[in-house]
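Engineer: starting from these lines, generate the structure:
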Amino acid sequence: MSRALLFTVFTLLAVATMPVTHASNARNANVDPTVTITASIPKVILKEPCDPPYVLISTCQPTGPETLTVTTKDFPGKDLTFDYFVTGGSVSGEGSSAKWNLSGQLPGFYAAIVTVTDPQNHKATANASVEVEFCKCVEKK
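Structural biologist: Next comes the predicted model:
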């Protein structure tokens, strides 16, 4: 798959809202619960070592970890469970805000997926993506 196509696909996934149909909603039978997940920045810059005779460019400003923020709407239950899955790196924290550490990952696109469930088993899933890049290496002068 070409890099441009991957970028397009993951850009479309950056903020996704997906309702999940369920048998009943105590407040309104016509409203499905939804969840949205957003990443704090769309691109993570990692500082990786350069092989001699190269050095990191002096303007390198590493970023991360990502903050994942989840918002929910129309869940009839109160005690929500947040299950995170990532295609690279690791997630720490719980609930509607978590940290996504992408250090050690290769350049490319990575996805975070969250499934929110209430005690009555109403569920909704959403995903977000980010791109990982390394700081540039330049020849030492």
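Engineer: need the helices for this protein, in chain order.
Structural biologist: 3-13 (DSSP state H).
Engineer: residue contacts, the residue most central in space within it?
Structural biologist: Centroid-nearest residue in the chain, with CA atoms, centre = their mean: Ala112, separated by 3.6 Å. Contacts for Ala112 (CB atoms under 8 Å, 6 or more residues apart in numbering) come out as 37, 39, 66, 68, 84-87, 91, 100, 127-130. (Glycine included, C-beta is placed from N, CA and C.)
Engineer: if we go to 6 Å?
Structural biologist: 68, 86, 100, 128 (CB atoms under 6 Å, 6 or more residues apart in numbering).
Engineer: now the buried members of these.
Structural biologist: Burial by neighbour count, judged by 16 or more other CB atoms under 10 Å, picks out 68, 86, 100, 128 from the contacts of Ala112.
Engineer: any stretches of this structure with poor pLDDT?
Structural biologist: Within the chain, the stretches with pLDDT under 70 are 1-30, 77.
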